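# Here is the input, now give the coordinates:
(one chain, ligands or ions: 1)
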Amino acid sequence: MTVDLLIRDAYLYIDRDWEVANGWLAVKDGRVHAIGDRAEDAPAAKSVISAHGRLVTPGLVNAHHHMYQNLTRAYAPVTNGTLFEWLKGLYPLWADLDAESVYLSTSVAMVELLMGGCTTSMDHMYVHPRPFLIDAQFRAARDIGFRFHATRGSMTRSVEDGGLPPASVVQDEDTILADSERLVAAFHDPTPGAMGRVALAPCSLFSVSERIMVESARLADKHDLRLHTHLAEDPDEDSYCAEIYGCTPTEYFERVGWASPRSWVAHYIYPTGDEIDRLAHAGVCTAQCPCSNMMIGGGTADAMDMRRRGMRVGLGCDGSASTDHASMWLETRMAMLLGRFRHGPHAMSARDALDMATRGGAACLGWEDEIGHLRPGACADLIIWSMSEVAAAGALSDPVEAWLRCAPAVAGTTIVNGKVLVSDGVPLLANLGDILRDHAREARRIQRLGG
Ligand SMILES: [Zn+2]
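Reported below is the predicted structural model:
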C-alpha cells in the first residue's frame, strides 16, 4: 500500500508515554497511518519529507485566544494598564470591528499560530458590534486549512448595567442565543476529523447576565457542545462577584450550572484549593496563559498543583493585545519556566509542559480522541521543529528538553489534516502579502491613526 506522506529520520514524540528515536511516521487520508523505527520498513509514499533528525511532535493546541486583538497589538495608550483599565481603553476601538477586519485578523492569527507550532486553536470571539463575524472566521479557517474550534462569545452587561464595556459592543440576550443556535447549525461539525466546531463562551461572569450563563449551559446540553469562559482571572472579579452575586466567582460558576465536564475556563488564577478540587472533580479543564498573566502582571495559576489535584490543564496564548504574540512554543516554554520558578527544578519538565500544550489543550476542547497525540488513527496534525544550528549546538542528550530549553524554536514544517501548510518555516499561503497589507489598513482604521 502506498501512503500519502512519509516523514522519516525523525525523533518522534508520539504521546506522553511513547517516543521513537530514528523513527518514521506515515500519513494516509489525513490520519496517522503507521509509525516505525529504523528496524522496521517504512511504506512507499507519494511524498517523503526528511526531518534530518529533528524533533517531531503533535501540533500544539491553543486553548485560549482572542484573534481579533491582533488589530490593536501593543496599543500604546494601554500598555501599562491593569486588566480592567486595558479592557476599558480598548473596547471603544473594538466597536469598529466588521467582517472584513475579523477575516483579516483571523487569517493573520492562524498563520502566526501555524508558524509557532499550533495546528488547532479555539478563538474566544466575544465582541460583536456587527453580525456574522464568526462566519468570517470560518471563511479564513477554510481558506488556510486550519483546524478551528470557534466559540460564540458574548457580553450583555454594559457600563449602564454595572459592567465594563460600552453599550456599542454588548448584545441583548435573545440575539446572542439565536445567533448561537444559528452558528451551531451552520458550522458545528461533531464528526470525527472535523475541521470546524463551535462552543459557547460568554465572556466572563462580570460581563454577561445570569440568564446567558444558564441558557448557554442548557444549549450546550441540547447540542452536545463545549462551554468556555474566563474565570477568576483578576482580584477585581472577586470584589465584583461578592458585591453583585454575594459569592466567589467559583461559587457563582457552580450556581449557574457550569461545573460540568463540558466546561473549560481560561486562567483560573485566584480560586481556593477547595474550589480547584471541586471543579477538578466536576471535570472542568483550565487553560493557562503564562505570557498574558505575566504581561498583565497579576498572578498565575499553579498548573502543576492543579494537575496533581486531577484537573486537566491546557495552554493558551490569549491576547493578541494582552500578550501580542501567538507562538504556542513560547507559551509552552513559559509554562515550564513558571512551574520551575514557583517550585524548583524538580517541579516541572519540558515533557510536562509539552503534555499540557498537546493532551491538555485537546482535553480543554473535548477532542482528546483525535488531536494532541500522534497515535495511529489520530488526525495528521504535526510539527517538524526547527532551531538554528547555532542555538542547538551542543544539545545532544535529550531532544525534548533541548527543544524547550534552547533558543527559539519555530515550526520548520507544519502539517494539518495531512497537508503541509508551512514548509522551511515559510507559510504556503499565496496571498499572505495581500492579507498583511489589508490587515495593516484595518489596524490603522481601528486604532484611528488615519491614512
Ligand atoms: Zn482571554
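# Which strand or helix spans residue 179?
Assessed by DSSP states H and E, residue 179 sits inside helix 173-187.
# CA atoms only for that helix, dumped as PDB, please.
Extracted in PDB, the C-alpha atoms of helix 173-187 (Å, rounded to 0.1, in the frame of the first residue of the first chain):
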ATOM      1  CA  GLU A 173     -29.800  38.000  25.400                       C
ATOM      2  CA  ASP A 174     -32.200  36.900  22.700                       C
ATOM      3  CA  THR A 175     -29.900  38.000  19.900                       C
ATOM      4  CA  ILE A 176     -27.000  36.100  21.500                       C
ATOM      5  CA  LEU A 177     -29.000  32.900  22.000                       C
ATOM      6  CA  ALA A 178     -30.500  32.900  18.500                       C
ATOM      7  CA  ASP A 179     -27.100  33.600  16.900                       C
ATOM      8  CA  SER A 180     -25.600  30.700  19.000                       C
ATOM      9  CA  GLU A 181     -28.200  28.300  17.600                       C
ATOM     10  CA  ARG A 182     -27.600  29.700  14.000                       C
ATOM     11  CA  LEU A 183     -23.800  29.200  14.300                       C
ATOM     12  CA  VAL A 184     -24.100  25.700  15.700                       C
ATOM     13  CA  ALA A 185     -26.400  24.700  12.800                       C
ATOM     14  CA  ALA A 186     -24.100  26.300  10.200                       C
ATOM     15  CA  PHE A 187     -20.600  25.400  11.400                       C
END
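# which residues sit against the helix or strand just after that helix?
Following helix 173-187 in sequence order, the next helix or strand is strand 196-202 (DSSP H and E). Here strand 196-202 makes contact (C-beta atoms under 8 Å, 6 or more residues apart in numbering) with 122, 124, 126, 134, 138, 141-142, 147-155, 180, 183-184, 187-190, 208, 212-213, 216, 219-220, 225-229, 365, 367. To be clear about C-beta, it is placed using only N, CA and C from the backbone, and glycine gets the same treatment.
# And the helix holding residue 179, what's buried?
By 16 or more other C-beta atoms under 10 Å, the buried positions in helix 173-187 come out as 176, 177, 179, 180, 183, 184, 187.
# Same check on stretch 444-451?
Across stretch 444-451, burial judged by 16+ other C-beta under 10 Å covers 445, 446, 447.
# what's the pLDDT at the first one?
Read that as residue 445. For residue 445, the pLDDT comes out at 97.
# pretty sure it is in a helix, no?
Yes - assessed with DSSP: H, G, I helix; E, B strand; the rest coil, residue 445 lies in a helix.
# correct me, but it touches residue 98?
No - counting by C-beta atoms under 8 Å, residue 445 sits too far from residue 98 to count as a contact (9.6 Å).
# Would you mind measuring from the most centrally placed residue in the chain to residue 358?
The centre of the chain sits closest to residue 62, judged by C-alpha atoms, centre = their mean, with a distance of 2.2 Å. Per C-beta to C-beta, to the nearest Å, residue 62 is found 11 Å from residue 358.
# same deal with residue 40?
24 Å.
# The two: which has the busier surroundings?
Neighbour totals were compared for residue 40 and residue 358, and residue 358 leads with 28 against 11 (other C-beta atoms under 10 Å).
# So the nearest residue to that one once chain neighbours are set aside: helix, strand or coil?
Spatial nearest neighbour of residue 358, excluding adjacent residues (C-beta to C-beta, 6 or more residues apart in numbering): residue 372 at 4.3 Å. Following three-state DSSP, we place residue 372 in the coil state.
# list the contacts for residue 372?
Counting by C-beta under 8 Å, 6+ apart, residue 372 makes contact with 58, 61, 358, 359, 360, 361, 362, 363.
# Could I get the phi/psi values of the first one?
Same thing as residue 58. The phi/psi pair for residue 58 (degrees, to the nearest 10) reads phi -60, psi 150.
# Bridged to it, which residues?
residue 382 (DSSP bridges).
# low-scoring pLDDT stretches of the stretch 301-450 of the chain, where are they?
Scanning the stretch 301-450 of the chain for pLDDT under 70 picks out no residues.
# Which parts of it are strands?
Counting by DSSP state E, counting those that start in this stretch, the stretch 301-450 of the chain has strands at residues 313-315, 382-386, 410-416, 419-423, 426-427.
# What strands flank the fourth one, and is each parallel or antiparallel?
Looking back up the chat, that one is strand 419-423. Partners of strand 419-423 in its sheet, by DSSP bridges: strand 410-416 (antiparallel), strand 426-427 (antiparallel).
# How far does the longest one sit from its chain's centre?
Okay, so that is strand 410-416. 17 Å (C-alpha atoms, centre = their mean, to the nearest Å).
# Just the CA atoms of it, as PDB, please.
Extracted C-alpha coordinates of strand 410-416, given in PDB (Å, rounded to 0.1, in the frame of the first residue of the first chain):
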ATOM      1  CA  VAL A 410       9.800  27.600  15.300                       C
ATOM      2  CA  ALA A 411       7.800  25.300  13.100                       C
ATOM      3  CA  GLY A 412      10.000  24.200  10.200                       C
ATOM      4  CA  THR A 413       7.200  22.100   8.700                       C
ATOM      5  CA  THR A 414       3.600  22.400   9.900                       C
ATOM      6  CA  ILE A 415       1.100  19.700   8.700                       C
ATOM      7  CA  VAL A 416      -2.600  19.900   9.300                       C
END
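# what does it contact?
Residues outside strand 410-416 that contact it (C-beta under 8 Å, 6+ apart) are 5, 27, 49, 51, 54, 59, 114-117, 119-120, 145-147, 327, 329, 380-387, 420-425.
# That one to strand 382-386, inter-axis angle?
Between strand 410-416 and strand 382-386, the angle comes out at 160 degrees (axes from the mean of the first three to the mean of the last three C-alpha atoms, to 10 degrees).
# Go through strand 410-416 and flag the buried ones.
410, 411, 412, 413, 414, 415, 416.
# Likewise for stretch 7-17?
Along stretch 7-17, these residues count as buried under the neighbour rule (16+ other C-beta under 10 Å): 7, 8, 9, 10, 11, 12, 13, 14, 15.
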